[in-house]
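[1] heads up, no residue letters with this:
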Ligand SMILES: NC(=O)c1ccc[n+]([C@@H]2O[C@H](COP(=O)([O-])OP(=O)(O)OC[C@H]3O[C@@H](n4cnc5c(N)ncnc54)[C@H](O)[C@@H]3O)[C@@H](O)[C@H]2O)c1
């Protein structure tokens, strides 16, 4: 079979198989033809944010129309605080008003918030319609668009309502990152660093050494790093679609990260920033358990700081509050947290029974870290 993009990986679960295409320019080259082929005469709805329509969503819709597909555009406001049932309901109303049927293909063009929202609406509208993910943030390209987790936040916590709904294809065009604000690029880098720590020490070293070039969006470094992350995610999801086992390692840094986001009501931190803080917490908790060597902590902190990401916990939230939020995380079992820890860069282990006193002590240590470590 001919390869359709620079990099092509497959997610293969027990019931589904779909491609992840990674390559510069795919939004205008591969995306229209692939989506037109999937639509096979039925309608397509491109869902995006108003700020992304002119440059990405509308041209894609126009290209689909030119390919003979009846394409509609649905826009929803941007921002984590819109990742709610209210916004999903708005999409349902929009789609019902257009009499969309079950053969419709939803095309999600945006970051992780858009992909999670549109994916969840697609999972539930008419008991499920097909979705293609076209991620346009670094975070969504390397993580959120792959693996079929969709959902929305509740005031009680992140992603508390959702569904597994695998996309039919993921089309990653790193050229879209040229317009991404630097803070969002840095946020996505937290997940790239995470893949290195949990799975691939070579990726970790390469990314750490090329951070200045990556931050300048130099494709020579950015493209292969994105592709490797997609490959890792595809491999993990293929082994464990619904997170019964290995997929949990992707949550490295997310236990405290999600608590930080929830405690600050999604207003202060980008997702990746919160994950960066949470990765430092995970290292210090691992150290306190004699699992994580201090060199792993210092390397992690160095990478995070070089990427321009935070390492400190929010000053106005207490450690006890953070633990409380963490206990409500949907990954807790009977209120017991499961910590993903790193014994060495490139490997992880999951620890179930960690004493809260030890966690609190580690968080206190994190607060005492100097502004610049190393
Ligand atoms: N489903 C999953 O497996 C999974 C995994 C990780 C994270 N997530 C979720 O992803 C969300 C975070 O996603 P995110 O970091 O992509 O943030 P985001 O979706 O909020 O996007 C950030 C901002 O960038 C803008 N933007 C997007 N692409 C752009 C581009 N190319 N140029 C200019 N601006 C652009 C968006 O409009 C938005 O304002 C969180 O809700 C998180 O829970 C989901």
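    Cool, the structure landed. The structure displayed is predicted, hence computed values, not measured ones. Residues are numbered from 1 along each chain as shown.

[2] quick one, grab the pLDDT at residue 1.
    Reported pLDDT at residue 1 in the predicted model: 62.

[3] heads up, I number from 257, so please use that
    Sure, I'll start counting at 257 from here, so that last one is residue 257.

[4] give me phi/psi at the residue of the stretch 407-556 of the chain found nearest the ligand?
    Nearest residue of the stretch 407-556 of the chain to the ligand (Cβ to the nearest ligand atom) works out as residue 435 at 3.7 Å. In this view, the C-beta of every residue, glycine as well, is placed from N, C-alpha and C. Note on residue 435: its backbone torsions stand at phi -100, psi 0 [degrees, to the nearest 10].

[5] is any residue of the helix or strand harbouring residue 293 near the ligand?
    Element membership for residue 293 (DSSP states H and E) is helix 286-295. No - contact of helix 286-295 with the ligand (Cβ under 6 Å from any ligand atom) is absent, the minimum separation being 13.9 Å.

[6] sheet partners, orientation included, of whichever helix or strand comes after that helix?
    Where DSSP H and E defines the elements, the next helix or strand beyond helix 286-295 is strand 300-304. Its sheet considered, strand 300-304 pairs with strand 327-331 (parallel), strand 361-366 (parallel) by DSSP bridges.

[7] rewinding a little: packing partners for the helix holding residue 293?
    Helix 286-295 is packed against helix 314-322, strand 361-366, strand 386-391, strand 425-428, with contacts defined by 3 or more Cβ pairs under 8 Å, 6 or more residues apart in numbering; DSSP states H and E.

[8] closest to the ligand out of these?
    Closest to the ligand of the helices and strands packed on helix 286-295, according to Cβ to the nearest ligand atom: strand 361-366, at 5.3 Å.

[9] model confidence over the closest one, on average?
    Rounded mean pLDDT across strand 361-366 is 98.

[10] export the strands paired with strand 300-304 to JSON lines and append columns for mean neighbour count and distance to residue 622.
    What follows is the strands paired with strand 300-304, written out as JSON lines (neighbours: other Cβ atoms under 10 Å; distance: least, Cβ to Cβ, whole Å):
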{"stretch": "strand 327-331", "mean neighbour count": "20", "distance to residue 622": "40"}
{"stretch": "strand 361-366", "mean neighbour count": "29", "distance to residue 622": "32"}
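
[11] buried ones in the helix holding residue 293?
    Buried residues in helix 286-295, defined by neighbour count with 16 or more other Cβ atoms under 10 Å: 286, 287, 288, 290, 291, 292, 294, 295.

[12] same question for stretch 524-541.
    525-541.

[13] again, but for stretch 410-417
    So stretch 410-417, judged by 16+ other Cβ under 10 Å, has buried residues 413, 414, 415, 417.

[14] what do you get for stretch 555-564?
    Here stretch 555-564 shows 555, 556, 557, 559, 560, 561, 562, 563, 564 as buried, counting by 16+ other Cβ under 10 Å.

[15] which single one of the residues you listed is nearest to residue 596?
    Distance ranking of these against residue 596, using Cβ to Cβ, places residue 556 first at 13.0 Å.

[16] quick check: which element contains the closest residue to that closest one other than its chain neighbours?
    Nearest non-adjacent residue to residue 556, counting by Cβ to Cβ, 6 or more residues apart in numbering: residue 539, 5.2 Å away. Secondary-structure assignment from DSSP H and E places residue 539 in helix 527-544.

[17] gap between the helix or strand just after that helix and the chain center?
    As assigned by DSSP H and E, the chain's next helix or strand after helix 527-544 is helix 550-562. On the basis of Cα atoms, centre = their mean, to the nearest Å, helix 550-562 sits 21 Å off its chain's mean C-alpha point.

[18] could you give the angle of helix 550-562 to helix 527-544?
    In terms of direction (axes from the mean of the first three to the mean of the last three Cα atoms, to 10 degrees), helix 550-562 departs from helix 527-544 by 160 degrees.

[19] how much space separates the nearest residue to residue 521 once chain neighbours are set aside from residue 510?
    In space, and not counting its chain neighbours, residue 521 is closest to residue 337: 7.9 Å by Cβ to Cβ, 6+ apart. According to Cβ to Cβ, to the nearest Å, residue 337 and residue 510 sit 19 Å apart.

[20] more neighbours: those two, which one.
    Per other Cβ atoms under 10 Å, whichever of residue 337 and residue 510 has more neighbours is residue 510, with 24 against 13.

[21] wait, the more buried one sits on residue 533?
    No - contact status for residue 510 versus residue 533: not in contact, 10.7 Å apart, counting by Cβ atoms under 8 Å.

[22] now do the end-to-end distance for stretch 258-266.
    In stretch 258-266, first residue to last residue: 14 Å (Cα to Cα, to the nearest Å).

[23] from the chain's centroid, how far away is that stretch?
    21 Å.

[24] which residues touch that stretch?
    273-280, 282, 286, 290, 479, 483, 486-487, 490, 494 (Cβ atoms under 8 Å, 6 or more residues apart in numbering).

[25] now residue 442: closest residue in space that isn't a chain neighbour?
    In space, residue 442 is closest to residue 564, 4.8 Å off (Cβ to Cβ, 6+ apart).

[26] what about the one you found, distance to residue 449?
    12 Å.

[27] before we move on, what about residue 626?
    20 Å.

[28] which one's more surrounded, these two?
    Between residue 626 and residue 449, counting by other Cβ under 10 Å, residue 449 is the more crowded of the two (29 against 8).

[29] what sits against that one?
    460, 463, 464, 532, 535, 556, 559, 560, 563.

[30] how about the helix or strand where it lies: buried residues?
    If you go by DSSP H and E, residue 449 is part of helix 438-455. The neighbour-count check on helix 438-455 (16+ other Cβ under 10 Å) flags 440-455 as buried.
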